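Undergrad: 3D, please:
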Amino acid sequence: MVLQDDYMNTNALSVLNKALKLSEDSGEISKTERLIDLIKAHDDEHTTGWFMCVPSCFNAALDIRQTERKRDKKKILVWTQGSTFSFKKGDKIYDTSDAYSEWGKALKKLSLIVNIEEAADATPKKGSDEKENLVPRNPGYVRFSLYKPHGVKPILVKYDEDIMTQDEFVRFLIKGPEGEHKKRILGK
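TA: Numbering: from 1, shown residues only. Model (predicted):
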């Protein structure tokens, strides 16, 4: 199981890197290019291998959406991946899919809750490389608080907060904290 989780994590990070590179490399931005590979399956409620559980209700925030494509001269809808990440104030993300069940039972299974306090969407590059009015891609930001269960009382306790770009936040959801964040968030 661990090998499969590592593969899912590595695959998600690879697709994330491709989506970010595509958004940086594209020249004319009249139509934003999107990947057919996804950082997670559009209907995945567990995000196996990820640090946090990010169910399909967050597809729009992860910029996973259906896009019209032509196949055999017919228009079809295909799930695609972009990099216009848009987590919002009030979003709550848990470390287990059990958290999305009855709260009393969920509280016993939780270890970490991310509560987004403030956010600005990532926005795509606008214009073209040949024009002087090129507006580069903005990675946005997410300011969030971290909560964990009290242990004795059935309540959540805020123990840290952080701020990062939307891009870094998606990487955090997949891989978990790194560097100074790892020590602060996980105590390691």
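
Undergrad: How about the secondary structure of residue 11?
TA: helix (DSSP: H, G, I helix; E, B strand; the rest coil).

Undergrad: let me fix that: residue 85
TA: Residue 85 - assigned by three-state DSSP - is coil.

Undergrad: Find the nearest non-adjacent residue to it, please.
TA: Excluding the flanking residues, the one nearest residue 85 by CB to CB, 6 or more residues apart in numbering is residue 166, at 3.8 Å. Placement of C-beta: from N, CA and C, glycine included.

Undergrad: Any idea how many residues pack against that neighbour?
TA: For residue 166, the tally of surrounding residues (other CB atoms under 10 Å) stands at 25.

Undergrad: List of residues touching stretch 48-62?
TA: Contact with stretch 48-62 is made by 4-9, 12, 39-40, 42-47, 65, 81, 85-88, 91, 93-97, 99-100, 112, 114, 170, 172-177, as judged by CB atoms under 8 Å, 6 or more residues apart in numbering.

Undergrad: Please name the residues that touch residue 102.
TA: Residue 102 neighbours (CB under 8 Å, 6+ apart): none.

Undergrad: and residue 133, that one's in a helix?
TA: No. Residue 133: not assigned to a helix; according to three-state DSSP it is coil.

Undergrad: Filter the contacts of stretch 48-62 down to the buried ones.
TA: Taking 16 or more other CB atoms under 10 Å as the criterion, what is buried in the contacts of stretch 48-62 is 8-9, 12, 39-40, 44, 47, 65, 81, 85-87, 91, 93-95, 97, 99, 112, 114, 170, 172-177.

Undergrad: Do you know the pLDDT at residue 162?
TA: pLDDT for residue 162: 94.

Undergrad: list the contacts for it?
TA: 143, 144, 146, 181, 184, 185.

Undergrad: out of those, which is most surrounded?
TA: Among the contacts of residue 162, residue 144 has more neighbours than the rest - 24 neighbours, counting by other CB under 10 Å.
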